[in-house]
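Trainee: based on what follows, work out the 3D shape:
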Amino acid sequence: MNIPVKPDFTSADFLNKHVQTILAFYEPNVRAGDGGFHQCFRDDGSVYDSGTRHLVSSTRFVFNYATAHRLYGTAHYKNWASDGLNFLTQIHQQETGHYAWLIDNGRVSDNRAMAYGHAFVMLAAASCLQAGIKEAGTTIDDVWNFLELHFWESHANAYADERDGSLTTLDPYRGQNANMHMCEALIAAFEATGQDRYLDRAIMLAERFAIELAAENNGLIWEHYDTQWNCDMQYNIDKPDDLFKPWGFQPGHQVEWSKLLMMLYKHSPRKIWVTRATELYHEAMHGGWDHEHQGLVYGFGPNGKFADTHKYFWVHAEAFAAAWRLYRHTGEKNYLDDYHRLWSYSWTHLIDHQYGAWFRIRNRDGSAFDQLKSPPGKTDYHTMGACWDVLSNV
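Mentor: From the prediction side, this is the model:
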């Protein structure tokens, strides 16, 4: 694959054109006959599984097209987002009120209620409301009420993670990942509705995870907790590559929190947000950067050793978005240098210059891991979202 000459990564023209190449990758085959979206794409854009509907992909595609319509005015993207929202509320949503985690050929195959998935339902609905799809406001409100009833733990100022399909059994696992994306969704809900309860809750989550719980790990955010919100250092210790619950400190999640804290600073200008955003970012870049092969690894352990050396697309996208926000806030050149360093690595190893979009994962040396560009969970919401985040702060 020929690598084009590196462009000006700070250029709004480049960022917008890059987003368009990602949209173009999915355009021919993403719509499905059931009203939802195909979610399993090979590197060349062909669909290898037409029946799987994962809640994470179903919601993220709605975010993609609602945001693309809002920013570019593309008419059919509004229709796609609206249809995708209807698919969520009519197919994924069950009689209990929760949204099923996985649907296979029209039938629910995994009926668990996941806080992580419901965070993305809220984000999708908030994106739709901002795009002029008014009925999405009801979905935001409904998801908030559902989470209050079944997942919010007021004693811990955090959301629990998982219930069974009947909603009667709450899993003992507690995790930061669902809460991080809940913070993201709550910020979006606040921006879409103007209702303070969403911002207040986002602030509460940021205080809990980025300040209080992080203090127990020298300022870094651990992934896994028990029912009392004590760090569980053994959970998935044999699975540092788990898709949603990996063991170890995740550089991608440290920088993602860094970005979220800088987003919160816009609405709640507290010095602590910038302080913690800076600390999390530096720890991620220090502990996660692969000096031998370049790029950020997936995870590292409490001992500082790499736990998983694969290079993931979303880690680098979230990192360059955080670097850019910190640069724009501080004016410090090291953040701009990092922004270019992250983009340069991604340009060479993670972006498919032949077919479009980003590869999901590469081996440590940057070589191909597989030929599945977008299996369930990946819709390039991270990469387009990071570009849009930079564009909002050019």
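Trainee: strands of the stretch 201-350 of the chain, start to end?
Mentor: Shown for the stretch 201-350 of the chain, the strands assigned by DSSP state E, counting those that start in this stretch span residues 224-225, 299-300, 306-308, 311-312.
Trainee: can you put these in JSON lines and add distance to residue 259?
Mentor: C-beta here means a position set from N, CA and C on the backbone, and glycine is covered the same way. Below are the strands of the stretch 201-350 of the chain laid out as JSON lines (distance: least, C-beta to C-beta, whole Å):
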{"stretch": "strand 224-225", "distance to residue 259": "22"}
{"stretch": "strand 299-300", "distance to residue 259": "18"}
{"stretch": "strand 306-308", "distance to residue 259": "21"}
{"stretch": "strand 311-312", "distance to residue 259": "16"}
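Trainee: can you pull out the strands in the stretch 1-150 of the chain?
Mentor: Along the stretch 1-150 of the chain, the segments classed as strands by DSSP E, counting those that start in this stretch run 52-54, 102-104, 107-110, 113-114.
Trainee: just send the strands of the stretch 201-350 of the chain back as CSV, with mean pLDDT and distance to residue 70 too.
Mentor: CSV is the format used below for the strands of the stretch 201-350 of the chain (pLDDT from 0 to 100; distance: least, C-beta to C-beta, whole Å):
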stretch, mean pLDDT, distance to residue 70
strand 224-225, 98, 36
strand 299-300, 98, 34
strand 306-308, 98, 35
strand 311-312, 98, 27
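Trainee: let me have the ones you listed in TSV, extended by mean neighbour count and distance to residue 115.
Mentor: Shown next, in TSV, are the strands of the stretch 201-350 of the chain (neighbours: other C-beta atoms under 10 Å; distance: least, C-beta to C-beta, whole Å):
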stretch	mean neighbour count	distance to residue 115
strand 224-225	22	13
strand 299-300	25	21
strand 306-308	19	24
strand 311-312	28	22
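Trainee: wait, which of these is closest to residue 65?
Mentor: strand 311-312 (23.4 Å; C-beta to C-beta).
Trainee: just give me the neighbour total for the residue nearest to residue 146 when sequence neighbours are not counted.
Mentor: In this structure, residue 146 finds its nearest non-sequential neighbour in residue 97, 5.3 Å apart by C-beta to C-beta, 6 or more residues apart in numbering. Close neighbours of residue 97, defined as other C-beta atoms under 10 Å, add up to 14.
Trainee: follow-up on the earlier one: ok, and which of the strands of the stretch 1-150 of the chain has the densest surroundings?
Mentor: Counting by mean count of other C-beta atoms under 10 Å, strand 113-114 has the highest mean neighbour count of these, with a mean of 25.
Trainee: that older thread, want to try CSV for the strands of the stretch 1-150 of the chain, with distance to residue 88 and mean pLDDT as columns?
Mentor: As requested, the strands of the stretch 1-150 of the chain are exported to CSV (distance: least, C-beta to C-beta, whole Å; pLDDT from 0 to 100):
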stretch, distance to residue 88, mean pLDDT
strand 52-54, 10, 98
strand 102-104, 11, 98
strand 107-110, 13, 98
strand 113-114, 14, 98
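Trainee: any idea how far residue 392 is from the nearest residue to residue 388 once chain neighbours are set aside?
Mentor: With sequence-adjacent residues excluded and distances taken as C-beta to C-beta, 6+ apart, residue 388 is closest to residue 67, at 6.3 Å. From residue 67 across to residue 392, the span is 11 Å (C-beta to C-beta, to the nearest Å).
Trainee: go on, residue 328?
Mentor: To residue 392, residue 328 is 10 Å away according to C-beta to C-beta.
Trainee: please apply the same query to residue 146.
Mentor: Relative to residue 392, and taking C-beta to C-beta, residue 146 is found at 30 Å.
Trainee: more neighbours: those two, which one.
Mentor: residue 146 (21 against 14).
Trainee: against residue 196, how distant is residue 181?
Mentor: Distance, residue 181 to residue 196, by C-beta to C-beta: 21 Å.
Trainee: looking at those two, which one has more neighbours?
Mentor: Taking neighbours as other C-beta under 10 Å, residue 181 and residue 196 compare with residue 181 leading, 23 against 10.
Trainee: mean confidence score for the host helix or strand of that one?
Mentor: Assigned by DSSP states H and E, residue 181 belongs to helix 176-193. If you average the pLDDT over helix 176-193, you get 98.
Trainee: and what of stretch 329-349?
Mentor: Mean pLDDT, taken over the full extent of stretch 329-349, equals 98.
Trainee: contact partners of it?
Mentor: Here stretch 329-349 makes contact (C-beta atoms under 8 Å, 6 or more residues apart in numbering) with 3, 6, 9-10, 262, 265, 274, 278, 285, 294-296, 311, 313, 316-317, 319-320, 323-324, 326-327, 358-359, 362, 366.
Trainee: list the buried residues of that stretch.
Mentor: 329, 335-336, 338-343, 345-347, 349 (16 or more other C-beta atoms under 10 Å).
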